[in-house]
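1. Sequence below, structure please.
(one chain, ligands or ions: 1)
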Amino acid sequence: MHCFHRMTSFCVILPLHRNIMHELSIAIQITEIIEEEAKNAGADTVLQVQLEIGELSGVEMDALEMAMLEAVRGTIASEAELIYHQIAAKAVCESCCNEFEPIDVFKICPFCNSLHTNLLKGKELKIRSIEVVTK
Ligand SMILES: [Zn+2]
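-> Purely as a prediction, here's the structure:
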């Protein structure tokens, strides 16, 4: 069965592998992207950065917040306001086509108990926006 559903366009900036990635290395990579983007925009200062963290991304929100403070130190984003948005997980069932909010990584369909489901949202980690001041 083919299920049609809207895919929200999102850019996953990092492939997330539990157990390998730690929040600090993630924070450093996010900061590198921010610096790169700010440089490309000819920015003086980064005012604000908004991040989206999927519920099932395996990233600990509190740990990431602390790691980010560490990572941006001494960079163009050192004074930036950091805003975090937790993204609720959403999956679609390939057997009955219903969408639902999975409670864990096994994402069993609550309507028909099928295991043939696809995660639509909730594993991503992305930068929603970067606000800068240009020269
Ligand atoms: Zn189902």
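2. Would you mind giving me the confidence score for the residue nearest to residue 43 when sequence neighbours are not counted?
-> Once flanking residues are discounted, residue 43 sits nearest to residue 132: 3.5 Å by C-beta to C-beta, 6 or more residues apart in numbering. No exception for glycine: its C-beta is placed from N, CA and C like everyone else's. pLDDT, residue 132: 90.
3. thought residue 132 was touching residue 38?
-> Yes - here residue 132 reaches residue 38: they are 5.3 Å apart, a contact under C-beta atoms under 8 Å.
4. Give me the common contacts of those two.
-> Both residue 132 and residue 38 are contacted by residue 46, under the criterion C-beta atoms under 8 Å, 6 or more residues apart in numbering.
5. Roughly how far does the residue nearest to residue 43 sit from residue 80?
-> Going from residue 132 to residue 80 by C-beta to C-beta, to the nearest Å gives 9 Å.
6. so what sits against both of these two?
-> Taking C-beta under 8 Å, 6+ apart as the contact rule, residue 132 and residue 80 both touch 45-47.
7. most surrounded residue in these?
-> Neighbour counts for those (other C-beta atoms under 10 Å) peak at residue 46, which has 25 neighbours.
8. Could you look up the SS state of it?
-> Put simply, residue 46 is strand when judged by DSSP: H, G, I helix; E, B strand; the rest coil.
9. list the contacts for it?
-> Per C-beta under 8 Å, 6+ apart, neighbours of residue 46: 34, 38, 76-77, 79-80, 130-132.
10. Just the residues you listed: which are in strands?
-> 130-132 (DSSP state E).
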